[in-house]
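>>> Got a predicted structure here, sequence first:
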Protein chains: 2
Amino acid sequence: MEKKKLDSIADINTDFPQWYTDVVVKSGLVSYSGVKGCMYIPPYGTALWENMKVNLDARFKKLGVENVTMPLLIPESLFQKEKDHIKGFAPEVAWVTHGGEEKLAERLLIRPTSEVLFCDYFASHIHSYRDLPKKFNQWANIVRWEKNTRPFLRTTEFFWQEGHTLHETKNEAMKMTLAIHKLYCDFAREVLAIPMLAGKKTESEKFAGAVDTFTIEAMMHDGKALQAGTSHFLGNGFSKAFGIKYQSRAGKEQYPFYTSWGASTRLIGGIVMAHGDENGLILPPHVAPIQVIIVPIQTQKEGVLKAAKKFKKSIERVVRTHMDETENSPGWKFAEWEMRGVPIRIEYGPRDIENQTCVVVLRNTREKISVNIADLKKELPKLLQRVHDGMYERALNRLNEMTYDAKNMNEITTLANTKPGFIRAPWCSAEGCEDKLKSEFGITSRCIINDTNETKCAICGEQSKYIVVWARAY
Amino acid sequence: MEKKKLDSIADINTDFPQWYTDVVVKSGLVSYSGVKGCMYIPPYGTALWENMKVNLDARFKKLGVENVTMPLLIPESLFQKEKDHIKGFAPEVAWVTHGGEEKLAERLLIRPTSEVLFCDYFASHIHSYRDLPKKFNQWANIVRWEKNTRPFLRTTEFFWQEGHTLHETKNEAMKMTLAIHKLYCDFAREVLAIPMLAGKKTESEKFAGAVDTFTIEAMMHDGKALQAGTSHFLGNGFSKAFGIKYQSRAGKEQYPFYTSWGASTRLIGGIVMAHGDENGLILPPHVAPIQVIIVPIQTQKEGVLKAAKKFKKSIERVVRTHMDETENSPGWKFAEWEMRGVPIRIEYGPRDIENQTCVVVLRNTREKISVNIADLKKELPKLLQRVHDGMYERALNRLNEMTYDAKNMNEITTLANTKPGFIRAPWCSAEGCEDKLKSEFGITSRCIINDTNETKCAICGEQSKYIVVWARAY
């Protein structure tokens, strides 16, 4: 039975794309829907996202952010007010043209992002410096018309939070942008166990309408990058386009500075591809829907189920736990819950009852530890943290080991052709150099990590301006 | 200043519709958007809805319900599988016809409810009796194309939860339908302080596609009814239409029985209109975003703010509290926070510091109570419950006092023309009688509360079948 289970997942090293599809569907994170590019997210996937939301939401609130709710639909005329913004998004919006039987006087689009709605709100609610700062966030669904879709990574509808804040000064807005950039990094490290490469997007990769975009980028199992959260400093362009004005402390009319930032259900794809192994998912303990799965052994023997239920009750308050009471064999259950990525498994049978112990198995290392039942409540949180730390370390080692330096096109070419991973190389800031790597190798600039004018652009040989990390990306 | 504040709200008794609009906008529950029929819901309104969600969600989970996430968009062909269902909803759906620059091969509609999506999911996931029951819920946004819209009460986009469950037997499904019906009633009473009229919808008023619809109906300040939550027993019609089959315990292929149920942001409109008074909102303590507002008096005097902050900190763990430190006068602040419906106000000034007391004012009765600062932490939860109980009692008295019995058309006519409120009257079950009250008085059947064949239909004089409560409704 165990064999059968494992056979049903493609090999992670030889067919990573198929492994991904197998794992996200079979673990219950997602189910293909009858709606092209849209997801059915079953209980397991929804619970994972809800746990991520609760944690992120609390972090936002510590920064003084308040949740609001904005409409799904945007009138075409409102969307057209900021020109760079519409240029960036127009090719991928879904248009509502009819309501009931009637054709609408003005087309509406389903929000691909909500800057224009927040601006419309701000324009009628911001009057004085006393109204600033405004720090808003919403948890929302978003639609972008995508040709090629993959669950979580690129979907027509996805779920995210989008923060939108207004500030008196440029300086304060930039501080906010960077505070969120750091928040995303901390969240990824402390909660998802994913180390992030953090930096600034180049001109060609930044958000449509932004002055600066800061990004966190994770390295996946196959060495490709996943953009995992962006924070934009939007200057006061949107304020001007939408007529958001306030009376300053000095009594002058001024345009506030704007930031926006978002992280989405893409992060779930990131978790899967950063941590998974040949046996399936490995979920980060802090957000795993089930942190501890209890598999009772020889349940036909008297007292096993009863004793298992008793200690389950005792640990329920400290960990999210579930007991598998189905008729399947223990081996089948082990494989099933490993595939679904539960961080800790507890095996418990007649001999354990006698000894007042149980066997704890860590998902990431498969390490087996005998723990006294009386100590479980105290030990499990520590063991979960150990799993978390081990997952983080493994991902960090990969990020370090698979990031290579290149000084010139020869080195870049060799790396691009032979070494999956990130390439760290100086760049002159010319878009032509970006285009070259993109067309030749499908490699894009992930982010600028440093300034430098002491060396040469690895692509064209002109004077360098930045150190950039380059990679193929999801 | 206080005068000015109150002037800005219409009189609740002479112009209730305007009072409603004034209060929901000025309190910060909602803001009119640039999108027809859609709402901007600022922090105050969003926090209220979030508190309601958390409470409802925990109640669902106690019944074994799991949250899932379904798509926003439905292909036209999928929507057409259940004929009664589409007939009911087709006139009010928004159609997506274009993605990016291209016309879609098949039109998509924005979900007006999600039965067909859940059915599509169930059809590929339910195979055996072991897969049942399935109890799913989702928190989602919904679009229904409405001609006449009012914030919360009737909006093009609204927010709700929709539960969808599948069961082996008719009996079990009916039990679930009624368990949710009771859950909604309990939630309204225990959390929103609103007494509900509970019963079954008539054939003409039930959900499109349902066998039976159970509803809770609240009486508003003006005697009109508000449908506040419905629970549908859908039989196995949807299962048949979508080919959801399972192998029963006896090894036979069978169609499971379906329930669906929902409550929405309409409930916010219900809270406003059930509890408000001439001074504005009165929010139910269990869900009020701010339960206790602290207004420091004579803040220019040394030590006032510091002492206020100190006791604020001490009560923060037991109540949601905020201190108004703006430059406005105490009188202005009193009026402002009364209008926004905060259940309890604490006034605190130099004399209170001396006496180690503060003045607690209850929003619903305006009762003033002197409380020792040392006792606040213990007293505030009790006082909040007192406000809740008083609100419930007031609403219950109104429901009882403004529900009238009628035996015949004469009595109905007199009541309809002179007495706002509910009319309880026997009915023969003929739709013609419903049509008559609707066309003559704009009165609809709210729900069947009892069976009776011992009397005559109050409308046509034929033998009665049910006791029905009739009313004008939002």
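Arrived safely, thanks for sending. Residues are numbered from 1 along each chain as shown, chains lettered A, B, ... in the order given.

>>> The host helix or strand of A:Lys378: which residues count as buried?
Assessed by DSSP states H and E, A:Lys378 sits inside helix A:376-401. Of the residues in helix A:376-401, A:376, A:379-380, A:383-384, A:386-388, A:390-392, A:394-395, A:398-399 count as buried by neighbour count, 16 or more other C-beta atoms under 10 Å in any protein chain shown. Just so you know, the C-beta spots here come from the backbone N, C-alpha and C atoms, and that holds for glycine as well.

>>> repeat for stretch A:297-308
Neighbour counts over stretch A:297-308 (16+ other C-beta under 10 Å) mark A:297, A:299, A:304, A:307-308 as buried.

>>> contacts for it?
Stretch A:297-308 has contacts (C-beta atoms under 8 Å, 6 or more residues apart in numbering or on different chains) with A:294, A:296, A:323, A:325, A:330, A:347-350, A:352-353.

>>> same deal with stretch A:456-465?
With contact meaning C-beta under 8 Å, 6+ apart, stretch A:456-465 is reached by A:406-409, A:411-412, A:425-430, A:432-433, A:436-437, A:451-455.

>>> how long is it from one end to the other?
Taking C-alpha to C-alpha, to the nearest Å, stretch A:456-465 runs 8 Å from one end to the other.

>>> Where does pLDDT dip in the stretch 1-150 of chain A?
Residues of the stretch 1-150 of chain A that meet the criterion pLDDT under 70 lie in A:1-7.

>>> the strands in it, which residues?
For the stretch 1-150 of chain A, the strands defined by DSSP state E, counting those that start in this stretch cover A:31-32, A:39-40, A:66-67, A:73-75, A:94-99, A:102-110, A:134-143.

>>> Tabulate those strands in TSV, adding columns for distance to B:Gly461 and mean neighbour count.
Formatted as TSV, the strands of the stretch 1-150 of chain A follow (distance: least, C-beta to C-beta, whole Å; neighbours: other C-beta atoms under 10 Å in any protein chain shown):
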stretch	distance to B:Gly461	mean neighbour count
strand A:31-32	56	16
strand A:39-40	53	24
strand A:66-67	56	18
strand A:73-75	50	24
strand A:94-99	43	21
strand A:102-110	43	17
strand A:134-143	53	21
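
>>> Compare the ones you listed and report which one is nearest to A:Val361.
A:Val361 lies closest, by C-beta to C-beta, to one member of the strands of the stretch 1-150 of chain A: strand A:31-32, at 28.2 Å.

>>> Now do the closest one: distance to the chain's middle.
Relative to its chain's centre, strand A:31-32 lies at 19 Å (C-alpha atoms, centre = their mean, to the nearest Å).

>>> Each with direction, which strands does it pair with?
strand A:39-40 (antiparallel) (DSSP bridges).

>>> quick one on the thing from earlier: any of the contacts of stretch A:456-465 buried? List them.
For these, a neighbour count by 16+ other C-beta under 10 Å gives the buried set as A:406, A:409, A:412, A:425-429, A:433, A:436-437.

>>> Span of stretch A:461-474 from start to end?
Using C-alpha to C-alpha, the end-to-end distance of stretch A:461-474 comes to 28 Å.

>>> tell me the mean pLDDT for that stretch?
Averaged across stretch A:461-474, the pLDDT comes to 97.

>>> Can you list the buried residues in that stretch?
If you call a residue buried by 16+ other C-beta under 10 Å, then stretch A:461-474 has these buried ones: A:464-474.

>>> Of the residues you listed, which is the nearest to A:Ala140?
A:Tyr474 (22.1 Å).

>>> what's near enough to touch that closest one?
A:Tyr474 makes contact with A:153-154, A:220, A:224-227, A:269, A:273, according to C-beta under 8 Å, 6+ apart.

>>> one step back: any chance of the strands of the stretch 1-150 of chain A in a markdown table, with distance to B:Gly262 too?
Compiled in a markdown table, the strands of the stretch 1-150 of chain A are given as follows (distance: least, C-beta to C-beta, whole Å):
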| stretch | distance to B:Gly262 |
| --- | --- |
| strand A:31-32 | 22 |
| strand A:39-40 | 19 |
| strand A:66-67 | 22 |
| strand A:73-75 | 21 |
| strand A:94-99 | 21 |
| strand A:102-110 | 22 |
| strand A:134-143 | 18 |
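
>>> Please identify the buried residues of stretch A:347-363?
A:347-350, A:352-353, A:357-363.

>>> just stretch A:280-300 next, same as before
A:280-297, A:299.

>>> hang on, the earlier thing: and the helix holding A:Lys378, what does it pack onto?
Applying 3 or more C-beta pairs under 8 Å, 6 or more residues apart in numbering or on different chains; DSSP states H and E, one finds that helix A:376-401 makes contact with strand A:212-219, helix A:266-275, helix A:304-315, strand A:344-348, strand A:357-362.

>>> Just the ones of the buried residues of stretch A:280-300 in helices?
Among the buried residues of stretch A:280-300, no member falls in helices (DSSP state H).

>>> ok so, going back, which of the buried residues of stretch A:461-474 fall within strands?
A:466-471 (DSSP state E).

>>> Chain B: which of the residues you listed is nearest?
Nearest to chain B among these, counting by C-beta to the nearest C-beta, is A:Ala471 at 27.2 Å.

>>> Now do the residue lying closest to that closest one once chain neighbours are set aside, the pLDDT please.
Nearest in space to A:Ala471, with sequence neighbours left out and distances taken as C-beta to C-beta, 6 or more residues apart in numbering or on different chains, is A:Ala225 at 4.1 Å. On pLDDT, A:Ala225 comes in at 98.

>>> What residue in the stretch 351-474 of chain A comes nearest to chain B?
Closest residue of the stretch 351-474 of chain A to chain B, C-beta to the nearest C-beta: A:Tyr474 (21.0 Å).

>>> how near is that residue to A:Pro296?
Computed as C-beta to C-beta, to the nearest Å, the A:Tyr474 to A:Pro296 distance reads 40 Å.

>>> ok, back up a step: near the residue nearest to A:Ala471, how many other residues are there?
23 (other C-beta atoms under 10 Å in any protein chain shown).

>>> Same check on A:Thr365?
A:Thr365 is flanked by 12 other residues according to other C-beta under 10 Å.

>>> residues touching the residue nearest to it when sequence neighbours are not counted, list them.
Leaving aside its sequence neighbours, A:Thr365 sits nearest to A:Gly390 (C-beta to C-beta, 6+ apart; 6.1 Å). Residues near A:Gly390 by C-beta under 8 Å, 6+ apart: A:362, A:364-365.

>>> try 10 Å this time
With contact taken as C-beta atoms under 10 Å, 6 or more residues apart in numbering or on different chains, A:Gly390 is in contact with A:193, A:282, A:343, A:362-365, A:367.

>>> Show me where the stretch 101-250 of chain A has its helices.
In the stretch 101-250 of chain A, the helices defined using DSSP state H, counting those that start in this stretch lie at A:115-125, A:170-190, A:237-242.

>>> Out of those, indicate the one that is most buried.
When the helices of the stretch 101-250 of chain A are scored by mean count of other C-beta atoms under 10 Å in any protein chain shown, the highest mean neighbour count falls to helix A:115-125 (a mean of 23).

>>> Just the angle for that helix relative to strand A:134-143, thanks.
Helix A:115-125 runs at 150 degrees relative to strand A:134-143, counting by axes from the mean of the first three to the mean of the last three C-alpha atoms, to 10 degrees.

>>> May I have helix A:115-125 exported as PDB, CA atoms only?
The C-alpha trace of helix A:115-125 is given here as PDB (Å, rounded to 0.1, in the frame of the first residue of the first chain):
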ATOM      1  CA  GLU A 115      -4.900  51.400  -6.400                       C
ATOM      2  CA  VAL A 116      -7.600  53.300  -8.300                       C
ATOM      3  CA  LEU A 117     -10.300  52.300  -5.800                       C
ATOM      4  CA  PHE A 118      -8.300  53.300  -2.800                       C
ATOM      5  CA  CYS A 119      -7.400  56.600  -4.600                       C
ATOM      6  CA  ASP A 120     -11.100  57.300  -5.300                       C
ATOM      7  CA  TYR A 121     -11.800  56.700  -1.600                       C
ATOM      8  CA  PHE A 122      -8.800  58.800  -0.400                       C
ATOM      9  CA  ALA A 123      -9.800  61.700  -2.700                       C
ATOM     10  CA  SER A 124     -13.000  62.300  -0.800                       C
ATOM     11  CA  HIS A 125     -11.700  61.400   2.700                       C
END
